[in-house]
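# I would like the atomic coordinates for the input below:
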Amino acid sequence: MSKVTIEKMPKRQRFSLERKQNLYGYIFVLPIIIGFACIYLPAVIQSLKYSFSSIEVTSEGFKTTFAGWQNYYEALFGGENFLRTVIESTSGIIIQIPIILIFAFFMANILNQNFLGKTAARVIFFVPVIISTGIIAEVENMSSMMDVYQSAEKMEIGSASGASNIFNYASFANLILQTLNNADLANIVLTAIESLYSIITSSGVQMLVFLSGLQGISTSMYEAAQVEGATGWEVFWKISFPYVSPLILVNAIYTVIDQFLKADNLAVKFIAQRLASPSTYAVASSLSWVYTAVVLVFVGVVFLIINRMVIYQD
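All right, here's what the predicted structure looks like:
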């Protein structure tokens, strides 16, 4: 019997296109990996160490002594009221997350249409994301500016006396309540209206992600749907939504993390105030780890809920 010889594939051919693309991806994120390993990870480990220690400030610096779970017990069951603060901030976030996603998806569909000045419109809707960072964000967090924005007359238009106002916020709220005939639903709508500026500034990145996903859909699919006589509503649910549904999961997770870690979040402010004092630094470290666990649990819940609605294309 003749032996069949099997030639080994050259090493160059075994390095497939997929592996090359994966290698390019690792090279692209290499600076982030290096920064995480050299800068962020040591700080995380140090924070975890502080959360299990009692800190004493000396002339030579911080002196740590192992304290076990004492800081966590004080953070959760002491007089800090941290859990109540987390619940209050989370309740507002739960309302804002779906509103941000719906608004971003709605605007992405509009900006994906062909109309005169669509490039300018895209820039205009992304400008709030830019101005909400840096010095502008610090100015917005000033108490004087927040007092003006959150005052009772923020939506009243008319004379200064208020006697002949063209638009009155209280009347508007009463109109919403009578129209919806449901106090809880009316409260959600009013909260969304009052948070309109925050929603716009928080939906820019999600809008771009949705827009890139919509632009990745082949135009031939829309043309075929039009030939078959499909309506715009059918095209949206049969083509646009299924192809973009994986991005809904990505944007939902991004929105959760972004909302939980914002500087104006009540829980973040609570932790930051205690981090400013060396005497409460250990307790603040334990608070930050408890809050991290809350965020991770919330991300897991959002993932499990939305992942069931995602349609993955083969």
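# how much space is there between residue 103 and residue 84?
Counting by C-beta to C-beta, to the nearest Å, the gap between residue 103 and residue 84 amounts to 29 Å. Quick note: C-beta positions are derived from backbone N, CA and C, even for glycine.
# who has more neighbours, those two?
Set side by side, residue 103 and residue 84 show unequal neighbour counts under other C-beta atoms under 10 Å, the larger going to residue 103 at 18 against 11.
# so which elements touch the host helix or strand of that one?
Remark: residue 103 resides in helix 82-111, with elements defined by DSSP states H and E. Helix 82-111 is packed against helix 70-77, helix 118-131, helix 183-194, helix 196-202, helix 204-215, helix 241-260, helix 266-275, helix 281-307, with contacts defined by 3 or more C-beta pairs under 8 Å, 6 or more residues apart in numbering; DSSP states H and E.
# quick one: it to helix 241-260, angle?
Using axes from the mean of the first three to the mean of the last three C-alpha atoms, to 10 degrees, one finds that helix 82-111 and helix 241-260 are set 140 degrees apart in direction.
# how far does helix 82-111 sit from its chain's centre?
Going by C-alpha atoms, centre = their mean, to the nearest Å, the spacing between the C-alpha centre of helix 82-111 and its chain's C-alpha centre is 8 Å.
# what average pLDDT does it get?
The pLDDT scores in helix 82-111 average 85.
# likewise stretch 228-238?
The predicted model gives stretch 228-238 an average pLDDT of 83.
# with stretch 286-302 instead?
90.
# please tell me how far it is from the chain's geometric centre.
Using C-alpha atoms, centre = their mean, the distance from the centre of stretch 286-302 to the centre of the chain it belongs to is 14 Å.
# buried set for it?
286-291, 294-295, 298-299, 302 (16 or more other C-beta atoms under 10 Å).
# got it, and stretch 112-122?
112, 122.
# TSV please, covering the buried residues of stretch 286-302 and showing distance to residue 238.
TSV is the format used below for these (distance: C-beta to C-beta, whole Å):
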residue	distance to residue 238
286	50
287	48
288	45
289	45
290	45
291	41
294	38
295	35
298	32
299	30
302	26
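# what about this structure, any weak spots by pLDDT?
1-15, 59, 61, 79-80, 128-169, 313-314 (pLDDT under 70).
# could you dump the helices and strands packed on helix 82-111 to CSV with distance to residue 99?
Supplementary listing: the helices and strands packed on helix 82-111 in CSV, determined by distance: least, C-beta to C-beta, whole Å:
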stretch, distance to residue 99
helix 70-77, 31
helix 118-131, 15
helix 183-194, 5
helix 196-202, 6
helix 204-215, 11
helix 241-260, 10
helix 266-275, 19
helix 281-307, 15
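# of those, which is nearest residue 55?
Of all these, the one in closest proximity to residue 55, counting by C-beta to C-beta, is helix 281-307 (4.7 Å).
# for that closest one, name the packing helices and strands.
With 3+ C-beta pairs under 8 Å, 6+ apart as the test, helix 281-307 has helix 41-51, strand 53-58, helix 70-77, helix 82-111, helix 241-260, helix 266-275 packed against it.
# which helices and strands does the second one pack with?
Spelled out, that is strand 53-58. Judged by 3+ C-beta pairs under 8 Å, 6+ apart, strand 53-58 is in contact with strand 61-66, helix 70-77, helix 281-307.
# and the nearest residue to residue 115 once chain neighbours are set aside, how close does it get to residue 195?
Taking C-beta to C-beta, 6 or more residues apart in numbering as the measure, residue 115 lies nearest to residue 121, with 7.9 Å between them; neighbours along the chain are not counted. When distances are taken as C-beta to C-beta, residue 121 and residue 195 turn out to be 22 Å apart.
# again with residue 244
As defined by C-beta to C-beta, residue 244 lies at a distance of 24 Å from residue 195.
# ditto for residue 55
Counting by C-beta to C-beta, the gap from residue 55 to residue 195 is 38 Å.
# tell me who's in contact with the spatially most central residue of the chain.
Averaging the C-alpha coordinates of the chain gives a centre point, and the residue nearest to it by C-alpha atoms, centre = their mean is residue 255 (1.9 Å). Applying C-beta atoms under 8 Å, 6 or more residues apart in numbering to residue 255 gives the contacts 97, 100-101, 202, 206.
# can you rerun that using 6 Å?
Listed by C-beta atoms under 6 Å, 6 or more residues apart in numbering, the contact set of residue 255 reads 97, 100.
# what's around the closest residue to residue 57 other than its chain neighbours, how many residues?
Excluding its sequence neighbours, the residue lying closest to residue 57 (C-beta to C-beta, 6+ apart) is residue 278, at 4.8 Å. Residue 278 is surrounded by 12 other residues when neighbours are defined as other C-beta under 10 Å.
# how much space between residue 278 and residue 53?
Residue 278 sits 13 Å away from residue 53, going by C-beta to C-beta.
# residue 19 too?
Between residue 19 and residue 53 the distance, using C-beta to C-beta, works out to 45 Å.
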